[in-house]
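1. Structural data only, the sequence is not supplied:
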């Protein structure tokens with residue numbers, strides 16, 4: 001079972017994503033600091049990263065994760081499409097806008113995981 005890290009400061013959204021992604025092993029972080037630590041400790045195959053969070057935002061967390069592991073797979077999740085370019089510029093592979101639809105989310109995750117395993 002592939003391990004995913006879901007990072008969002010909203011506990012209800014983290015729970016919803018975990019439910020939607022029940023075919024994966026899901027670990028959760030509530031901010032960027034936790035995300036970087038859990039990424040290093042748990043080595044998930046993919047990170048779902050919110051952008052706007054307290055303590056450390058998703059942009060800085062993504063930058064740190066990509067610096068430590070340039071092959072890290074990060075899918076940004078945001079309600080602010082204006083910030084999507086920033087996430088892509090620091091190393092996120094793609095961006096999905098809130099509200100997230102399960103089918104779209106699963107397809108994006110499957111595509112990213114299959115591309116990574118093919119390379």
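-> Arrived safely. Computed from a prediction, not measured in an experiment: that's the story for all the values here.
2. For this protein, which segments count as strands?
-> 3-7, 25-29, 46-50, 74-78, 94-97 (DSSP state E).
3. Mind giving me the packing neighbours of the third one?
-> Helices and strands touching strand 46-50, as assessed by 3 or more C-beta pairs under 8 Å, 6 or more residues apart in numbering; DSSP states H and E, comprise strand 3-7, helix 32-42, helix 58-68, strand 74-78, helix 102-118. For glycine as for every other residue, the C-beta is placed from the backbone atoms N, C-alpha and C.
4. Show me what counts as buried in the longest one.
-> Of the residues in helix 102-118, those buried under the neighbour-count criterion (16 or more other C-beta atoms under 10 Å) are 105, 108-109, 112-113.
5. Need the max-distance pair from those residues.
-> 105 and 113 (12.5 Å; C-beta to C-beta).
6. which residues does the spatially most central residue of the chain bridge with?
-> The centroid of the chain falls nearest to residue 48 when counting by C-alpha atoms, centre = their mean (1.6 Å). In this entry, residue 48 is beta-bridged to residue 6, residue 75, by DSSP bridges.
7. Contacts only, for it.
-> 4-8, 17, 75, 77, 109 (C-beta atoms under 8 Å, 6 or more residues apart in numbering).
8. For the residues you listed, which entry has the maximal number of neighbours?
-> Among the contacts of residue 48, the one with the most neighbours (other C-beta atoms under 10 Å) is residue 7, at 31 neighbours.
9. Contacts for stretch 8-28, please.
-> Outside stretch 8-28, the residues touching it (C-beta under 8 Å, 6+ apart) are 1-7, 30-31, 38, 42, 44, 48, 50, 52-54, 77, 100, 102, 105-106, 109.
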